[in-house]
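1. Here's my sequence, what's the structure:
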Amino acid sequence: MNKLVTGNLVHRPLRSVISMFAVAIEVVMILSIAAIMLGMLNGTKTRTSGIGMDMAARPGTTSNLVGVSGAPAPLGVADKLRQVPHVQVAAPVNIKLSGGAKLENIYGIDYESYNALKPFVFLSGGPFQGPRDVIIDDYAAQSDKGYKVGSTIIILNNQFRVCGIVEHGKGGRKFIPIRTLDDLAGDVGASVFYLKTEDPPQYQDEVKKSILATPGLGQYDVETLDELMSQLTPEKLPGFNVGLRVVIGIAVVIGFLVIFQSMYTAVMERTREIGILKSLGASRGYIVRVVLRETGLLASAGILLGIGATYILRAVLHTTSPTQDFAVTPGWVLRAVLIAFGGALLGALYPAWKAALKDPIDALSYE
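-> The predicted model follows:
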């Protein structure tokens, strides 16, 4: 049977290659969309945890989705938060979504308090020297135009001077003085206040109660770092799983139709061959297994090609676009394998059954 299967595939190389590439494209689509979406989510979680804060406080009217809300809280709220027992640092941050050449979050920070959460690790340059200075991380420096200290960069349609380049992983990728961002954005305040507390596991509940009991802060959302991280999951983000399922569905349909067309056409072209096999005593199950084994071989080759292409794509993106998080996880590789293989076998099931039902006398007389 193995010789028969491989012989049939080699005899029709173009169709076999097209089918294999269809499965590979299906795998690449599934893994790529999952890697991009999960990469963005995991990247956000990693950078958020790297800020150095233990808790976050934001006005009740401000969205949890970073970068899509206004900045309704006065900067003076940071002074009130610093007076709360067990709060060591309160850093006001204004996060704005910039829609220039690409979408990105710009962090407006008070350098002293934000650096006190967890110090920046400067690779070159240093802190702000003026209101139009910007600190960028090493990924942003590599991915854009090879920025160096002293380079000019456009942010919110204004020129800024790169004063420092830091290690990535501390919230955003571009940081400017918070008052400068307020002036450019037209609103004064902070969208979130990051807090560093004494012995976090012990005092967090007390800090939260004290903040909510402070006049003017009763409507604030106060979350621990763990609570904030728990919000950054596919289930909590609107449209995340829906978008993922839509793309996977499209990929499955593509793979199914190509395999179905390929195997159906192959069955029709091999009618006499099937008649010979049945006249020699081949059972219906044997004919079905031949077709399904051909499909399995094509699907396996396509899956391996798709996985390899995905990892090559990840390497290319890591080189050309370091800021693009692309997370290829073993779990999603396994899912892609099962989805692609299952879809291919499903697409071949009807052609296989149709072949098995052919009458050997009719098949032998087929021209």
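2. Where does the spatially most central residue of the chain sit, in terms of helix or strand?
-> In the chain, the residue lying closest to the centroid (Cα atoms, centre = their mean) is Met37, at 2.2 Å. Using DSSP states H and E, Met37 maps to helix 13-49.
3. Give the other helices and strands that the very next helix or strand once past that helix contacts.
-> Going down the chain from helix 13-49, the next helix or strand is strand 55-58, by DSSP H and E. Contacts defined by 3 or more Cβ pairs under 8 Å, 6 or more residues apart in numbering; DSSP states H and E place strand 55-58 against strand 192-197, helix 200-213, strand 221-224, helix 225-231. Any C-beta I mention is one placed from the backbone N, CA and C, and that applies to glycine too.
4. and strand 55-58, how far from the chain's centre?
-> 25 Å (Cα atoms, centre = their mean, to the nearest Å).
5. One more: stretch 220-228?
-> Relative to the centre of its chain, stretch 220-228 is centred 23 Å away, using Cα atoms, centre = their mean.
6. in that stretch, what counts as buried?
-> By neighbour count on 16 or more other Cβ atoms under 10 Å, the buried set for stretch 220-228 is Tyr220, Asp221, Val222, Glu223, Thr224, Leu225, Leu228.
7. Quick one: end-to-end distance for it.
-> End-to-end span of stretch 220-228 (Cα to Cα, to the nearest Å): 14 Å.
8. neighbouring contacts of that stretch?
-> For stretch 220-228, contacts defined as Cβ atoms under 8 Å, 6 or more residues apart in numbering pick out 48-49, 53-60, 62, 64, 200, 204, 207-208, 211-212, 231.
9. Now which of these would you call buried?
-> Neighbour counting with 16+ other Cβ under 10 Å marks 48-49, 53-59, 62, 64, 200, 204, 207-208, 211 as buried within those.
10. quick one: least confident of these?
-> Lowest pLDDT among those: Asn64, with 50.
11. so who does the residue nearest to the centre of the chain touch?
-> Listed by Cβ under 8 Å, 6+ apart, the contact partners of Met37 are Pro234, Phe240, Gly243, Leu244.
12. So which residues of this protein form strands?
-> 55-58, 87-99, 103-109, 122-125, 133-137, 152-155, 158-166, 174-177, 192-197, 221-224 (DSSP state E).
13. name the helices or strands packed onto the fourth one?
-> When contacts are defined as 3+ Cβ pairs under 8 Å, 6+ apart, strand 122-125 sits against strand 158-166.
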